[in-house]
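In: here is a sequence with its predicted model. Questions after.
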Protein chains: 2
Amino acid sequence: MAKRDGYHHGDLRAALIAAAQAAVDAGGPDAVSLRDLALTLGVSTAAPYRHFHGRDALLSEVAARGFTDLGEAYARAQAAASDPQTALRETARAYLTLAFGRPGLFKLMFGSDLVNAADAPTSLLQPAAAAWEGLYRAVAAADPAADLATVKRRAITGWSTLHGFITLVQGARLKGFMTEPLTEAELLEAVLDKTLKPD
Amino acid sequence: MAKRDGYHHGDLRAALIAAAQAAVDAGGPDAVSLRDLALTLGVSTAAPYRHFHGRDALLSEVAARGFTDLGEAYARAQAAASDPQTALRETARAYLTLAFGRPGLFKLMFGSDLVNAADAPTSLLQPAAAAWEGLYRAVAAADPAADLATVKRRAITGWSTLHGFITLVQGARLKGFMTEPLTEAELLEAVLDKTLKPD
DNA sequence: CTCCGATGTAAGCGTCACTTACATTGCGAC
DNA sequence: GTCGCAATGTAAGTGACGCTTACATCGGAG
């Protein structure tokens, strides 16, 4: 790859994904402009369309890799844990780590309508579903005696707590409320406690 | 108002807000185009700028009215309840009602960066803060013995559960998982239960 | 009645995603 | 080897968007 002959780029597709990833991490989904990417990569504005149907297709690829990363982080957290309770807590922590460590990517994955779109590609839907399965798996393993409905209910309500806290914090809705008598670390543990509480 | 002399509109400002509100309810914040609104109202594309600094200022006005509505819904719910526990549950239900009843408006209020913006006007920040106070008030009233940190923690984690569920549902992240053995109504009550559980 | 501030218009700028017609290249078939 | 074709690039243009500037029109206060 990376052979430049003055006309063909070498591996424009990979370069576009990398540049888009960087832009998403730096400024979220809205910071991605195909024109900008093309200019940065020294290529015409029409070139990206040889590799992606459009802006959404490129963003879908970036989001898909985010979901893949998330699923792998879940798997690592669960493999490293000595018992199912710890595994569940560390799985939740992996979600928080992605959300607060790469907020731009998180916004793309969970704040955009890409996954919701009618023409969402399998390459996006599959990793997204796999990530959810990773969460679900941890909830199920933490209480093998629970029936299906219970596990689903716990997974959904727990995920809601975790996800809601993240979106509220990132939307700056808790500014001035998170501090005062509560430290941020205390609050984070409180959120984890509520997230994991069985019922 | 509404005097049309062929040149001046009569009350363009109010008409713009109403049209923007309708567009937001119909298709969310992204569905609002100043050009479209101007065309619909039979006015030039530059006219809206006589009444709003730009697109964000108009959307801020719509969002502000949403927060005002939310705060009033809280107040009504609390006034109608016979005891503080019921008041808290009905306050939470009011949040769900706005979210699921007017998803486009909810997305504008909590999914956009308007409130977060550095130049957010007081006319938006004040109703937003007031709405949060309405939630907080209900949590505090439900347990008068609790200290400040406890009330804050409960309000934040509870709101997180509620808010996260809404955003996950509206992002279609729970499609196929909400149904199976769980009815949607059951799940909603489960979310409310988890939201309101003191600790 | 006259002037002036409020409110409108016409025209245009720069950016965006995307399309179309054409140019260049590497590579496998022969 | 070279020929032809598919892959990959370019140049130019379309239409929508937010926003700005210079000018036109109107109603009401003096």
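Out: Yep, that arrived.

In: need the residues of chain A near DNA strand C, please.
Out: Residues of chain A found near DNA strand C (Cβ under 7 Å from any atom of the strand) are A:5-8, A:32-36, A:45-46, A:49, A:53-56. C-betas here are computed from N, CA, C, even on glycine.

In: nearest to DNA strand D, of these?
Out: Distance to DNA strand D, by Cβ to the nearest atom of the strand, is smallest for A:A46 among these, at 3.1 Å.

In: show me what contacts the closest residue to the closest one other than its chain neighbours?
Out: Once flanking residues are discounted, A:A46 sits nearest to A:A38: 8.0 Å by Cβ to Cβ, 6 or more residues apart in numbering or on different chains. Residues near A:A38 by Cβ atoms under 8 Å, 6 or more residues apart in numbering or on different chains: A:44-48.

In: buried only: go through those residues for me.
Out: The neighbour-count criterion (16 or more other Cβ atoms under 10 Å in any protein chain shown) marks A:47-48 among these as buried.

In: what two of the contacts of A:A38 are the furthest from one another?
Out: Farthest-apart pair in the contacts of A:A38 is A:S44 and A:P48; separation 9.0 Å (Cβ to Cβ).

In: quick check: mean pLDDT of the lengthiest helix in chain A?
Out: If you go by DSSP state H, chain A has its longest helix at helix A:55-80. In this model, helix A:55-80 carries a mean pLDDT of 98.

In: which of the residues in it are buried?
Out: Going by neighbour count (16+ other Cβ under 10 Å), the buried part of helix A:55-80 is A:55-71, A:73-74, A:77-78.

In: and DNA strand D, is stretch A:9-27 touching that?
Out: Yes - interface with DNA strand D: stretch A:9-27 contributes A:9-10, A:12 (Cβ under 7 Å from any atom of the strand).

In: ok, of those residues, which one's closest to B:A185?
Out: When the residues of stretch A:9-27 next to DNA strand D are compared for distance to B:A185 (Cβ to Cβ), A:L12 wins out at 50.5 Å.

In: my guess is A:F67 meets A:E133, correct?
Out: No - contact criterion Cβ atoms under 8 Å: A:F67 and A:E133 do not qualify, at 11.0 Å.

In: and the helix or strand bottoming out on mean pLDDT in chain A, C-alpha only, in PDB?
Out: Counting by mean pLDDT, DSSP states H and E, chain A has its least confident helix or strand at helix A:184-196, which shows a mean of 91. This file holds the C-alpha atoms of helix A:184-196, laid out as PDB (Å, rounded to 0.1, in the frame of the first residue of the first chain):
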ATOM      1  CA  GLU A 184     -17.100  12.900  40.700                       C
ATOM      2  CA  ALA A 185     -15.500   9.500  41.700                       C
ATOM      3  CA  GLU A 186     -18.100   8.900  44.400                       C
ATOM      4  CA  LEU A 187     -20.800   9.700  41.900                       C
ATOM      5  CA  LEU A 188     -19.300   7.300  39.400                       C
ATOM      6  CA  GLU A 189     -19.300   4.500  41.900                       C
ATOM      7  CA  ALA A 190     -22.900   5.300  42.900                       C
ATOM      8  CA  VAL A 191     -23.900   5.000  39.200                       C
ATOM      9  CA  LEU A 192     -22.100   1.700  38.900                       C
ATOM     10  CA  ASP A 193     -23.800   0.500  42.100                       C
ATOM     11  CA  LYS A 194     -27.200   1.400  40.800                       C
ATOM     12  CA  THR A 195     -26.400   0.000  37.400                       C
ATOM     13  CA  LEU A 196     -25.500  -3.400  38.800                       C
END
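
In: residues making contact with that helix?
Out: Helix A:184-196 is contacted from outside by A:88-89, A:92-93, A:96, A:142, A:158-159, A:161-162, A:165, A:178, B:153, B:156-157, B:160-161, B:194, B:197, B:199, using Cβ under 8 Å, 6+ apart.

In: buried among those? Make that a ChimeraX selection.
Out: Buried members of these, defined by 16+ other Cβ under 10 Å, are picked up in ChimeraX with:
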select /A:88,89,92,93,96,142,158,159,161,162,165,178 /B:153,156,157,160,161,194
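
In: state the pLDDT value of A:A141.
Out: On pLDDT, A:A141 comes in at 97.

In: ok, now A:M178?
Out: For A:M178, the model assigns a pLDDT of 66.

In: ditto for A:A23
Out: For A:A23, pLDDT reads 98.

In: can you tell me the helix or strand for it?
Out: According to DSSP states H and E, A:A23 maps onto helix A:12-27.

In: please apply the same query to A:T157.
Out: Assigned by DSSP H and E, A:T157 falls within helix A:148-170.

In: and A:N116, what does it touch?
Out: B:171-172.

In: how far away is A:K107 from B:R89?
Out: Distance of A:K107 to B:R89, given as Cβ to Cβ, to the nearest Å: 31 Å.

In: that should have said A:E133, apologies.
Out: Note on A:E133: its distance to B:R89, by Cβ to Cβ, is 33 Å.

In: please name the nearest non-neighbouring residue to whatever residue of chain A ends up closest to chain B.
Out: Nearest residue of chain A to chain B, counting by Cβ to the nearest Cβ: A:G164, 2.5 Å away. In space, and not counting its chain neighbours, A:G164 is closest to B:G164: 2.5 Å by Cβ to Cβ, 6+ apart.
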